[in-house]
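Colleague: the following block contains a protein sequence and its predicted model.
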Amino acid sequence: MENCGDLPERRGLRPFDAEEFRENAHRVVDFIADYYRDIEKFPVRSQVQPGYLQSLLPDNAPEYPETLESVLNDIQNKIIRGITHWQSPNFFAFYPSNSSTAGLLGEMLSGGFNVIGFSWITSPAATELEAIVLDWLGKIINLPEAFLLSGKGGGVIQGTASEAILVALLAARDKALKAMGMGSLERLVVYGSDQTHSSLEKACMIAGIQKTNFKALPTNSSMNYALSPEVLKKAISDDLSAGLRPFFLCATVGTTSSTAVDPLMELGKISQDHGMWLHVDAAYAGSACICPEYRHYLDGVELADSFNMNAHKWLLTNFDCSALWVKDSSALVEALSTNPEFLRNKVFKVMDGFTIVWCYKFTDLYKKSY
């Protein structure tokens, strides 16, 4: 067996060579540009059958590297046929095409720097850029100052609205348990409507909320499938009479199934009357509220405790980028932060705030600020 010192220099052992990257990156960019040029030629939905790829690829990983040309040929001939083309102008499922030149270039910049931004000291620009860009977006959508850094709140990037709802629910749960006692979890009640995204129910499962204490309240066409304040009031009254503790309401601006918009002002007042955390899920339609003529759909958000919208739906930002704002950042920090020795630094308490709560994608910062 050769000693490591006796081994000749092998080009294959150099994982990154700037000139090699420059040459191959140009080819990959050309490949992607050609794909977008021709995207309307493909059927939007993949036409393959389940298991199609197994017969096209070997049983084991290659023992030796393949050329980029070989890899791109495989993608062209084997992978593209199995893609449902989300970025096609003819794609109308789920939510609209979201790619843009800025979004893709942001992905490239982020991948190039490849920083891990779990603490201010690990990359100061990542922490500070996140805070600044989320404030920009909050101002564009005309969020109340309480949700911005100039207030007690601020924004943090999540991967999806599902994550944002879970984070808000966990913060609300811990706040309620501190007031009631840690043994009161089984009494906590969460409300949404039968149009609320299923991620709320999943968040309840993760947070330990009793299955019977998640209440998907009925809606109907008379209110365009929005949650009725009267229905909510009755549900709260019934639950209080049963010895339960209502603590969380998720209102929606643009439901997935019916684009319903819940009456935030009325629901916010009810939430305040009962000491409930109000989360506003505007993942789908929140972006539209940037337009002054649609901003009225957010009237009442000033009564909410947290708010989220998905930049990766209407703002030409690559998946995934969901923005979450809270009025009181300490609620998130207390519920979700940890303080291990290896994360501590001289500016830990000054700048780290949300970065100890959730490790975000630096990619999204570039896509939003490009």
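Modeller: Yep, it's here. Numbers count the residues shown, from 1 in each chain.
Colleague: what's the longest strand in the chain?
Modeller: Looking across the chain with DSSP state E, the single longest strand is strand 245-252.
Colleague: quick one: name whatever helix or strand follows the strand or helix carrying residue 155.
Modeller: Per DSSP states H and E: residue 155 is located in strand 154-158. Next in sequence after strand 154-158, counting helices and strands by DSSP H and E, comes helix 161-180.
Colleague: can you give me the strands in the stretch 251-370 of the chain?
Modeller: 277-281, 306-310, 322-326 (DSSP state E, counting those that start in this stretch).
Colleague: contacting residues for residue 161?
Modeller: By C-beta atoms under 8 Å, 6 or more residues apart in numbering, the residues touching residue 161 are 197, 199, 281, 283, 308, 309, 310, 322. Any C-beta I mention is one placed from the backbone N, CA and C, and that applies to glycine too.
Colleague: most neighbours, which of those residues?
Modeller: When neighbours are taken as other C-beta atoms under 10 Å, the top entry among the contacts of residue 161 is residue 309 (32 neighbours).
Colleague: ok, it to residue 259 distance?
Modeller: Between residue 309 and residue 259 the computed distance is 14 Å (C-beta to C-beta, to the nearest Å).
Colleague: returning to that earlier point: let me have the strands of the stretch 251-370 of the chain in CSV, adding mean pLDDT as columns.
Modeller: Formatted as CSV, the strands of the stretch 251-370 of the chain follow (pLDDT from 0 to 100):
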stretch, mean pLDDT
strand 277-281, 97
strand 306-310, 95
strand 322-326, 94
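Colleague: for residue 49, find the nearest of those.
Modeller: Checking those against residue 49 by C-beta to C-beta gives strand 306-310 as the closest, at 32.0 Å.
Colleague: tilt between that closest one and helix 161-180?
Modeller: Put simply, strand 306-310 runs at 170 degrees to helix 161-180, going by axes from the mean of the first three to the mean of the last three C-alpha atoms, to 10 degrees.
Colleague: hang on, the earlier thing: redo the strands of the stretch 251-370 of the chain as a markdown table? Include distance to residue 101.
Modeller: Shown next, in a markdown table, are the strands of the stretch 251-370 of the chain (distance: least, C-beta to C-beta, whole Å):
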| stretch | distance to residue 101 |
| --- | --- |
| strand 277-281 | 29 |
| strand 306-310 | 20 |
| strand 322-326 | 21 |
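Colleague: for residue 52, which of those strands is the nearest?
Modeller: That would be strand 306-310 among the strands of the stretch 251-370 of the chain, by C-beta to C-beta, at 31.2 Å.
Colleague: using PDB, write out every CA atom in the closest one.
Modeller: Extracted C-alpha coordinates of strand 306-310, given in PDB (Å, rounded to 0.1, in the frame of the first residue of the first chain):
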ATOM      1  CA  SER A 306     -47.500  36.600  13.600                       C
ATOM      2  CA  PHE A 307     -47.900  36.800   9.900                       C
ATOM      3  CA  ASN A 308     -46.400  34.900   7.000                       C
ATOM      4  CA  MET A 309     -46.400  35.100   3.200                       C
ATOM      5  CA  ASN A 310     -44.600  33.100   0.500                       C
END
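Colleague: what is that strand packed up against?
Modeller: Judged by 3 or more C-beta pairs under 8 Å, 6 or more residues apart in numbering; DSSP states H and E, strand 306-310 is in contact with helix 161-180, strand 277-281, strand 322-326.
Colleague: if you set the cut-off to 6 Å instead, what comes out?
Modeller: In terms of contacts (3 or more C-beta pairs under 6 Å, 6 or more residues apart in numbering; DSSP states H and E), strand 306-310 is packed against helix 161-180, strand 322-326.
Colleague: from those, which stretch is densest packed?
Modeller: strand 322-326 (a mean of 28; mean count of other C-beta atoms under 10 Å).
Colleague: which residues touch that strand?
Modeller: Defining contact as C-beta atoms under 6 Å, 6 or more residues apart in numbering, one finds that strand 322-326 is touched by 134, 137-138, 147, 153, 155-156, 158, 160-161, 164, 306-311, 332.
Colleague: how would you label residue 71: helix, strand or coil?
Modeller: When classified by DSSP: H, G, I helix; E, B strand; the rest coil, residue 71 comes out as helix.
Colleague: roughly how far does it sit from residue 77?
Modeller: For residue 71, the distance to residue 77 - C-beta to C-beta - is 11 Å.
Colleague: with neighbour numbers in mind, choose between these two.
Modeller: Per other C-beta under 10 Å, whichever of residue 71 and residue 77 has more neighbours is residue 71, with 15 against 10.
Colleague: show me the helices in the stretch 101-250 of the chain, by range?
Modeller: Assigned by DSSP state H, counting those that start in this stretch, the helices in the stretch 101-250 of the chain fall at 101-113, 124-140, 161-180, 199-207, 229-241.
Colleague: shaky segments in the chain?
Modeller: Along the chain, the parts satisfying pLDDT under 70 run over 1-13, 345-370.
Colleague: center of it, which residue is that?
Modeller: Nearest to the mean C-alpha position of the chain, by C-alpha atoms, centre = their mean, lies residue 160 at 2.2 Å.
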